[in-house]
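Trainee: just the structure for this:
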Amino acid sequence: MVLASHARASEQLCRPEQLALPLQTVRISPDREGAAWIKVYSRSISSAVPTGFSFTREATALPPSPSAAIPIICLPGLTRNSRDFHQLASFLSTSGDFPVIALDYRGRGNSERDSEKSRYTVAVETGDVITACAHIAIEKATFIGTSRGGLILHHLIDRAPSLIAAAVLNDIGPVIEIGGLLAIRDYLNSNDTPTSWATAATYLRTLHGADFPALSDGDWSEMANAIYRDEDGMPVPDFDPAIALSLRGLTPETPLPDLWVPFDAMSQIPLMVVRGEHSRLLSEKTVREMRRRHARMADFTAPGQGHAPLLHLDGPREAIAAFLNDIARSR
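Mentor: From the prediction side, this is the model:
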């Protein structure tokens with residue numbers, strides 16, 4: 001299955017509707033009161049799941065996957081979208097027959113922008129995840145949360161703990177390093193953007209290359225395809241600019257939440273953390289404390305990557321597949 005997503009004006013990259021990946025995408029349409037209306041898009045190459053299946057909050061559930069495996073729900077980073085998980089979904093489907101669903105949060109990707117910008121919060125987005133799971137009749141899932149997605153999981157374990165069968169935290173934990181957050185603030189609010197699709201990958205390499213020496217030319221091109229959407233042949237960041245503006249008030253003195261209490265609640269579920277070798281958001285010290293508190297936690301360092309690691313590259317993808325398969329065998 002594959003989502004209908006953004007089209008890239010380049011002969012080097014195929015349009016999403018031409019792909020054949022085992023991924024269903026949930027998109028959010030917030031109404032004026034902030035409630036989330038849910039749409040699910042998929043393309044089936046081997047099952048009866050209909051293309052363009054969509055519903056509102058009163059509708060029936062998505063037809064079940066032919067796989068008996070507990071589904072995987074992927075939650076992207078702050079300004080990222082479900083395209084980050086295309087290749088990981090493809091790999092997981094071949095390594096363990098895992099059905100994979102990814103969420104475009106409100107204001108990102110193909111979800112609609114929220115008219116009330118103050119609703120771009122972890123709390124609201126956690127509610128959207130709960131709403132989406134209810135609509136597609138998911139009672140329990142394994143979650144992969146990248147950065148913002150991992151913060152949502154720290155809220156979800158408090159609000160709907162029965163939903164989480166297992167979790168993978170991608171470069172996020174109970175302690176967020178303010179230096180890394182300030183770096184995110186700065187590049188998201190920069191007025192500098194790529195001037196064409198031909199320069200988009202080079203632009204990203206210039207911006208992030210020091211933290212991601214492991215990435216190839218192709219990896220940078222794929223990152224550009226995930227981050228940007230096409231508008232009149234030009235790459236445009238695929239998120240509501242208000243999300244980046246919300247970070248402008250951050251300073252080195254800004255107090256950040258202590259998330260050890262919700263993290264400790266995860267001690268009852270299988271847990272894995274992936275940390276980028278050059279991450280400035282999740283420290284090695286925090287990972288050590290996470291491991292001390294959750295003795296059975298699996299951890300993996302993504303070599304040559306910063307915040308947040310690309311999970312479909314060699315190394316992280318095999319580690320995640322092994323973690324998921326170990327869970328499946330233990331059931």
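
Trainee: list the contacts of Leu224.
Mentor: Small correction: residue 224 is Ala, not Leu. 194, 197, 200-201, 203-204, 235 (C-beta atoms under 8 Å, 6 or more residues apart in numbering). Where C-beta positions appear, they are placed from N, C-alpha and C, glycine not excepted.

Trainee: got CSV for the residues you listed, with neighbour count and pLDDT too?
Mentor: Formatted as CSV, the contacts of Ala224 follow (neighbours: other C-beta atoms under 10 Å; pLDDT from 0 to 100):
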residue, neighbour count, pLDDT
Pro194, 21, 94
Trp197, 20, 96
Ala200, 23, 97
Ala201, 21, 97
Tyr203, 18, 96
Leu204, 21, 97
Pro235, 26, 96
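
Trainee: any chance of these in a markdown table, plus distance to Ile178?
Mentor: Below are the contacts of Ala224 laid out as a markdown table (distance: C-beta to C-beta, whole Å):
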| residue | distance to Ile178 |
| --- | --- |
| Pro194 | 28 |
| Trp197 | 34 |
| Ala200 | 29 |
| Ala201 | 30 |
| Tyr203 | 26 |
| Leu204 | 24 |
| Pro235 | 30 |
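
Trainee: quick one: which two of those are the most distant?
Mentor: Trp197 and Leu204 (11.9 Å; C-beta to C-beta).

Trainee: which of the contacts of Ala224 fall in helices?
Mentor: 197, 200-201, 203-204 (DSSP state H).

Trainee: ok, those residues vs Ala123, which is closest?
Mentor: Top of the list for closeness to Ala123, among the ones in helices among the contacts of Ala224 and by C-beta to C-beta, is Leu204 at 30.5 Å.

Trainee: now do the same contact list for that closest one.
Mentor: With the criterion set at C-beta under 8 Å, 6+ apart, Leu204 makes contact with 194, 220, 223-224, 227.

Trainee: from those, which ones fall inside helices?
Mentor: Counted as lying in helices by DSSP H, out of the contacts of Leu204, are 220, 223-224, 227.

Trainee: rewinding a little: which of the contacts of Ala224 sits closest to Ala210?
Mentor: Among the contacts of Ala224, and counting by C-beta to C-beta, the member closest to Ala210 is Leu204, at 12.1 Å.

Trainee: from Ser147, how far off is the closest one?
Mentor: Counting by C-beta to C-beta, to the nearest Å, the gap from Leu204 to Ser147 is 17 Å.

Trainee: then Gly173?
Mentor: From Gly173 across to Ser147, the span is 11 Å (C-beta to C-beta).

Trainee: who's more crowded, those two?
Mentor: Legend: neighbour count by other C-beta atoms under 10 Å for Gly173 and Ser147, higher for Ser147 (25 against 22).

Trainee: list just the nearest of the ones in helices among the contacts of Ala224 to Ala183.
Mentor: Each of these was checked against Ala183 using C-beta to C-beta; the closest is Leu204, at 14.4 Å.

Trainee: from Leu156, how far off is the closest one?
Mentor: 30 Å.

Trainee: now do Ile72
Mentor: For Ile72 relative to Leu156 (C-beta to C-beta), the value is 15 Å.

Trainee: follow-up on the earlier one: tabulate the ones in helices among the contacts of Ala224 in TSV, adding columns for distance to Asp104.
Mentor: Formatted as TSV, the entries for the ones in helices among the contacts of Ala224 read as follows, by distance: C-beta to C-beta, whole Å:
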residue	distance to Asp104
Trp197	21
Ala200	20
Ala201	23
Tyr203	23
Leu204	20
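
Trainee: re the thing from before, which one of the ones in helices among the contacts of Leu204 is nearest to Phe98?
Mentor: Nearest to Phe98 out of the ones in helices among the contacts of Leu204 is Met223 (C-beta to C-beta; 23.5 Å).
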